[in-house]
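Peer 1: Structure for this input, please:
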Amino acid sequence: MAIRIVQLGTPRAAGEGLRLGTVRRPPRGVPKAEFAKRDFYDVWLPNLSPSAELVAEGLAAEDEKQWKAFRRKFTAEMNQPDASRVLDLLAAMSKQTSFALGCYCEDESRCHRSVLRELLAQRGAEITK
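Peer 2: Predicted structure coming up:
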């Protein structure tokens, strides 16, 4: 049992389980009925996405200093009670069942899902590659 951190829209791994979309917006041009069929997500979980303003800041980060500022701000958002409780829940669930969470970004190292990976690991989540 574990969490897989994925790029939404990529093929699912065997036994991956439910896929959670931690994105601010649904995929463009894809009918809602096809989100899961096209390997985007089964359940939309936008409260684990950066705020709209912070998404723009993260996408605009051109150097390490700007990226670190994004990471710090997003971590602060995820430390708010609602998001923190969801992270606690997912960490606990990772010990009982397999599921995945992800975002559209190609490069995880410059994506909020890298921060989610760290925050979940800090909570003792079982995480797999």
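Peer 1: which parts of the host helix or strand of residue 117 are buried?
Peer 2: Using DSSP states H and E, residue 117 maps to helix 112-122. The neighbour-count check on helix 112-122 (16 or more other Cβ atoms under 10 Å) flags 112, 113, 114, 115, 116, 117, 119, 120 as buried. Where you see a C-beta, it was placed from the backbone N, CA and C, and this is true even at glycine.
Peer 1: what sits up against that helix?
Peer 2: With Cβ atoms under 8 Å, 6 or more residues apart in numbering as the test, helix 112-122 has contacts from 3, 5, 22, 48-50, 58, 71, 74-75, 78, 87, 90-91, 94, 101-103, 105, 108, 127.
Peer 1: Any chance you could list what contacts the longest helix along the chain?
Peer 2: Determined from DSSP state H, the single longest helix within the chain is helix 64-78. Under the criterion Cβ under 8 Å, 6+ apart, residues 48, 50-51, 54, 57-58, 60-61, 83-84, 87, 110, 112, 115-116, 119 lie in contact with helix 64-78.
Peer 1: 7 Å instead?
Peer 2: For helix 64-78, contacts defined as Cβ atoms under 7 Å, 6 or more residues apart in numbering pick out 50-51, 54, 57-58, 61, 83-84, 87, 110, 112, 115, 119.
Peer 1: Taking helix 112-122 as reference, get the angle to that helix.
Peer 2: 60 degrees (axes from the mean of the first three to the mean of the last three Cα atoms, to 10 degrees).
Peer 1: Show the contacting residues for residue 91.
Peer 2: 120, 123, 124, 125.
Peer 1: Adding distance to residue 31, write those residues out as CSV.
Peer 2: Output for the contacts of residue 91, formatted as CSV (distance: Cβ to Cβ, whole Å):
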residue, distance to residue 31
120, 30
123, 35
124, 38
125, 32
